[in-house]
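# need the 3D shape of this:
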Amino acid sequence: MGEKATWYPETERVIRLYFCNKSRLDRLRATEKTLQANLYEIQQTLGSYKRIPGLTAKYGLCIGGGNMNAGLESLMGEYEEQTEQIVKQMGKTSRRLIKIQCRRRELEEWAAPFDASIERLSREEQTLLEQRYTYRRSNYIIAELLHCSEYRVRYMLSGIITEMAGWVRPKQKAENKRTPD
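Sure thing, here's the model as predicted:
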């Protein structure tokens with residue numbers, strides 16, 4: 001009884017953390033897609049701004065070339081400022097995207113063994129864990145969802161946690177259990 005008192009809540013905490021990180025992964029993936037779309041838009045804007053000097057040269061407008069081009073110098077100054085702002089924005093977005101991708105990869109690596117152990121469970125057991133730890137539903141509501149009794153939900157949950165504790169928990173080596181003489 002004393003040993004169960006230590007590993008059972010610890011395993012339950014790890015499972016809860018897994019489902020919390022799973023929802024965090026979903027949010028990171030959504031943020032990553034948004035940032036990639038923003039970065040693409042910034043690159044398109046920058047590409048359109050880079051065409052402006054080519055167009056002015058094509059039509060014979062030169063900076064400092066005479067009275068006709070007096071306003072062009074101020075226009076090119078604005079162009080350079082806007083291009084600089086776009087490049088800064090692109091750098092910030094790229095750095096943020098890289099940070100999010102690194103965090104997503106870290107969480108995926110951490111969750112990989114748990115994904116494998118969750119895949120071993122039946123669909124009913126996976127649903128029970130998801131409802132319990134993602135949506136924080138009570139045993140009564142989960143029992144209604146699974147069309148079974150509340151007792152069966154408690155029994156299944158206890159069995160799942162016991163089973164996952166063997167998969168997730170590191171095995172203690174015999175030499176670690178020995179006491180020094």
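
# in this protein, which spans are helices?
Counting by DSSP state H, the segments of the chain that form helices are 2-58, 70-119, 123-133, 139-146, 150-168, 174-177.

# need those helices in CSV (columns: mean neighbour count and mean pLDDT).
Placement of C-beta: from N, CA and C, glycine included. Below are the helices of the chain laid out as CSV (neighbours: other C-beta atoms under 10 Å; pLDDT from 0 to 100):
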stretch, mean neighbour count, mean pLDDT
helix 2-58, 13, 84
helix 70-119, 13, 88
helix 123-133, 16, 95
helix 139-146, 16, 95
helix 150-168, 16, 90
helix 174-177, 7, 41
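
# L28: what's it in contact with?
In this structure, L28 makes contact with I100, R103, R104, L107, judged by C-beta atoms under 8 Å, 6 or more residues apart in numbering.

# these into JSON lines, with extra columns for distance to K33?
As requested, those are exported to JSON lines (distance: C-beta to C-beta, whole Å):
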{"residue": "I100", "distance to K33": "10"}
{"residue": "R103", "distance to K33": "15"}
{"residue": "R104", "distance to K33": "11"}
{"residue": "L107", "distance to K33": "16"}
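
# give the contact list for the closest residue in space to R96 that isn't next to it in sequence.
Ranked by C-beta to C-beta, 6 or more residues apart in numbering and with sequence neighbours excluded, the top spatial neighbour of R96 is L35, at 6.2 Å. Contacts were defined as C-beta under 8 Å, 6+ apart; by that measure L35 touches T93, R96, L97, I100.

# no further queries at this time; thank you.
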